[in-house]
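> Here is a sequence together with a model predicted from it:
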Amino acid sequence: MSIEEKIAALGLTLPQPPAPAGAYVPAVQSGNLLFLSGTLPMADGKMTHSGMIGSSPEKDIAYGYAAARQCALAALANAKAYLGSLERIKRIVNVNGFVYAPEGFADAPKVINGASELFLELFGENGKHARAAVALGGVPLHATAEVQVVLEIA
Amino acid sequence: MSIEEKIAALGLTLPQPPAPAGAYVPAVQSGNLLFLSGTLPMADGKMTHSGMIGSSPEKDIAYGYAAARQCALAALANAKAYLGSLERIKRIVNVNGFVYAPEGFADAPKVINGASELFLELFGENGKHARAAVALGGVPLHATAEVQVVLEIA
Amino acid sequence: MSIEEKIAALGLTLPQPPAPAGAYVPAVQSGNLLFLSGTLPMADGKMTHSGMIGSSPEKDIAYGYAAARQCALAALANAKAYLGSLERIKRIVNVNGFVYAPEGFADAPKVINGASELFLELFGENGKHARAAVALGGVPLHATAEVQVVLEIA
């Protein structure tokens, strides 16, 4: 199965590549590395998950996990737009995850797992990446999470 | 026009390379990538923009934008000190922007555009970079913004 | 002296590689770069430094410095597990440091120096790295600091 077939088999949809939130581009290649811009949980121009973790009962860790998963799909949408095909991705190299959460929030890893586990499901051994995850007080546009990915391409 | 002539044509001045705020160096090269340390809005040893966005009426997004622009100039000063000439920069690859702002601040992209738009003005197509921008509660020395840049060099 | 002998000569101990806090791996190589995952101040499965800087009198900058030093040891433990030997490290390229601290904390550089100065002590000229350091409200598992390192390997 291709990566896109795997995305469909998981019941997910690759969104349209999100419009950059500022004066930057979605992806820059240097050598075999592809630096993707930070992505928010966007699907086809709309934010799917916004608000601070804990700001209401439904904004729990599961909500953050779903947000991070959508961030990862948006990152893959940017990668596809640049590469033409997700099959050109050789390896997920590094993921930085930022969670919009109150002071003292200790569970950024559980939230960013939403992105990481999607990469593992889609890319298997090649989806295993290095990662850092933190919580902070301001993600762009009040998004619940932001994910920044570095890929290696063939 | 050289990059330095463009800086002058914009009415800007490349500052002296800022002294590192800790036990690190301003730039490290690995292959064709040049990793620059995070830079604060410094000009010739003095902080030009400090304080949290929103902490007083004049510390607005425009103030943050100007801070990020100065961070970018300081990053270029570090690049010049390492490379000898800004003409050796082949591409701005990646920018991470950190904004000193209160919990719930959603406009990190508008602030970090101060850095991004300067790179576009100076480097044109080669200034287009990947980016992630977030807001958080503590930038070194109470600076309003910090910008961390990865360059590709010829 | 080998790097491990230098660690011992400093009275320090390389811990067991910390278990990842989520769905990621400790290290990913791409070309000559080794991307290490963010590490917490862990020694052999136990957190050595937790809690927000300033949350009690003993959680001062010196405590944060010690936390960051332990983060750096944990990063080296991950590097050794991947590389087989710390002698294969050619250069510490980049360090990102995240400090768990209250809004307005301006001394992230003094805290992250705990990691940076260890790298300088162990690797000398090759330990000089680019760096960005910030403070924010949530490091995983309430750790006092997190350090994310990119290495160049031979």
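Yep, that arrived.

> and the longest helix for chain A?
As assigned by DSSP state H, the longest helix anywhere in chain A is helix A:61-83.

> Could I get the full set of helices for chain A?
Using DSSP H, helices in chain A cover A:3-9, A:61-83, A:108-123.

> In a markdown table, list these along with distance to residue B:50 and mean pLDDT.
Using the backbone N, CA and C atoms, a C-beta is placed for each residue, glycine as well. Converted to a markdown table, the helices of chain A look like this (distance: least, C-beta to C-beta, whole Å; pLDDT from 0 to 100):
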| stretch | distance to residue B:50 | mean pLDDT |
| --- | --- | --- |
| helix A:3-9 | 45 | 98 |
| helix A:61-83 | 32 | 98 |
| helix A:108-123 | 28 | 98 |
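
> could those helices go into TSV alongside distance to residue C:62 and mean neighbour count?
Below are those laid out as TSV (distance: least, C-beta to C-beta, whole Å; neighbours: other C-beta atoms under 10 Å in any protein chain shown):
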stretch	distance to residue C:62	mean neighbour count
helix A:3-9	48	15
helix A:61-83	33	24
helix A:108-123	26	25
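
> nearest to chain B, of those helices?
helix A:61-83 (9.0 Å; C-beta to the nearest C-beta).

> Packing partners of the closest one?
helix A:3-9, strand A:27-30, strand A:33-36, strand A:42-43, strand A:89-100, helix A:108-123, strand A:145-153 (3 or more C-beta pairs under 8 Å, 6 or more residues apart in numbering or on different chains; DSSP states H and E).

> Look up the closest residue to the residue sitting nearest the centre point of chain A, ignoring the ones flanking it.
Geometric centre of chain A, nearest residue: residue A:72, 2.4 Å, by C-alpha atoms, centre = their mean. Leaving out its chain neighbours, the residue that sits closest to residue A:72 by C-beta to C-beta, 6 or more residues apart in numbering or on different chains is residue A:115, at 3.8 Å.

> What of residue A:89?
In space, residue A:89 is closest to residue A:151, 5.4 Å off (C-beta to C-beta, 6+ apart).

> wait, what's in contact with the one you found?
The contact partners of residue A:151, by C-beta atoms under 8 Å, 6 or more residues apart in numbering or on different chains, come to A:33-34, A:36, A:79, A:89-93.

> With chain B as the reference, measure out to it.
Distance, residue A:151 to chain B, using C-beta to the nearest C-beta, to the nearest Å: 11 Å.

> What's the mean pLDDT across stretch A:41-58?
Mean pLDDT, stretch A:41-58: 96.

> how about it, does it get close to chain B?
Yes - shown here: stretch A:41-58 in contact with chain B (C-beta under 8 Å from any C-beta of the partner chain) through residue A:52.

> do stretch A:122-139 as well
Yes - under the criterion of C-beta under 8 Å from any C-beta, chain B is reached by stretch A:122-139 at A:136-139.

> Distance-wise, check residue A:149 relative to residue C:105.
Using C-beta to C-beta, to the nearest Å, residue A:149 is found at 28 Å from residue C:105.

> Between the two, which is the more surrounded one?
Using other C-beta atoms under 10 Å in any protein chain shown as the criterion, residue A:149 and residue C:105 rank with residue A:149 on top: 31 against 25.

> so that one sits right up against residue A:36, yeah?
Yes - because the distance of 4.5 Å satisfies C-beta atoms under 8 Å, residue A:149 is recorded as touching residue A:36.

> where do the contact lists of these two overlap?
With C-beta under 8 Å, 6+ apart, residue A:149 and residue A:36 have common neighbours A:75, A:79.

> Flag every residue of chain A that's near chain C.
Counting by C-beta under 8 Å from any C-beta, chain A sits next to chain C at A:31-33, A:91, A:93-96, A:99, A:101-110, A:112-113, A:116-117, A:120, A:128-137, A:150, A:152.

> Which members of the residues you listed are classed as buried?
Listed as buried from those are A:33, A:91, A:93-96, A:99, A:101, A:103, A:105-110, A:112-113, A:116-117, A:120, A:128-137, A:150, A:152; burial here means 16 or more other C-beta atoms under 10 Å in any protein chain shown.
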